[in-house]
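In: Model the following, please.
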Amino acid sequence: MKILIVDDDPLVCQSLKVLLSREKDMEVIGTAQNGAEAVAFCQKELLDVVLMDIQMPIMDGIQATRQIKLDLPKVRIMMLTTFKDEKNIRMAILAGAEGYLIKSTSVTSMAQQIRALMSGSTVLDADVLKELTEPSNNEELDQLTPREKDIAELVAQGLSNREIAEQLYIGEGTVRNNLSIILEKLDLRDRTQLAIYYWKKVK
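Out: Predicted coordinates for the structure are as follows:
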């Protein structure tokens, strides 16, 4: 399988390239140091898997994942990062990532997880899974419907109504109506208050 490694630390890119290339069924065909480079690379080269860091200059890994999955939905994306907070995990999965690993994962385990990803499995690090499944104190958010929760999360990510509509395959009018209902349920004034409220609740 052909792999692209995306990380703003050249040493990380080079180390992973050397180590993963030792796997007989894996070929690292390139590296990128930010999300914009990753998007451009994916548009030029045929590849199977992207190992994507989150925090990078110019374009972060979440934005890059969203764009790559929009252009090339068959490319599998594994987030590989030091962040294991619920906010980043949920944003990555919502953007389209099929896997989320922590950088402390051994290369042997990482190779196994990449193979699982390619076979169609969703791959989550044990610590990541724990973060997602531990009980949270989000009673107010629980009064929202699943659709309203999705919209609230995308508003918190800074997406416009049009971008939210495209992401969820609904009309802009539906987004506006749902947003009004969300603000009323949570007793908030505008989308800025909603974004602040949301991240306080899910952090």
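
In: contacting residues for Ser160?
Out: Ser160 is in contact with no residue at all, counting by Cβ atoms under 8 Å, 6 or more residues apart in numbering. Just so you know, the C-beta spots here come from the backbone N, C-alpha and C atoms, and that holds for glycine as well.

In: what about it, distance to Leu51?
Out: To Leu51, Ser160 is 29 Å away according to Cβ to Cβ, to the nearest Å.

In: next one: Val155
Out: 29 Å.

In: who's more crowded, those two?
Out: Between Val155 and Leu51, counted using other Cβ atoms under 10 Å, Leu51 has the larger neighbour count: 28 against 23.

In: partner residues bridging that one?
Out: Ile5, Met78 (DSSP bridges).

In: Am I right that it is in contact with Ile5?
Out: Yes - using Cβ atoms under 8 Å, Leu51 makes contact with Ile5 at a distance of 4.9 Å.

In: Overlap in contacts, these two.
Out: Counting by Cβ under 8 Å, 6+ apart, the residues touching both Leu51 and Ile5 are Leu16.

In: tell me what the host helix or strand of Ala152 is packed against?
Out: Ala152 is part of helix 146-156 when elements are defined by DSSP states H and E. Packing partners of helix 146-156 (3 or more Cβ pairs under 8 Å, 6 or more residues apart in numbering; DSSP states H and E): helix 86-95, helix 161-168, helix 172-186, helix 191-202.

In: Tell me which of those helices sits most buried.
Out: For these, the largest average neighbour count (mean count of other Cβ atoms under 10 Å) is found in helix 86-95, namely a mean of 20.

In: which strands and helices sit next to that one?
Out: Checking 3+ Cβ pairs under 8 Å, 6+ apart, helix 86-95 ends up next to helix 61-71, strand 99-102, helix 126-133, helix 146-156, helix 191-202.

In: how about TSV for the ones you listed, with distance to Leu80 added?
Out: Formatted as TSV, the helices and strands packed on helix 86-95 follow (distance: least, Cβ to Cβ, whole Å):
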stretch	distance to Leu80
helix 61-71	9
strand 99-102	5
helix 126-133	12
helix 146-156	22
helix 191-202	22
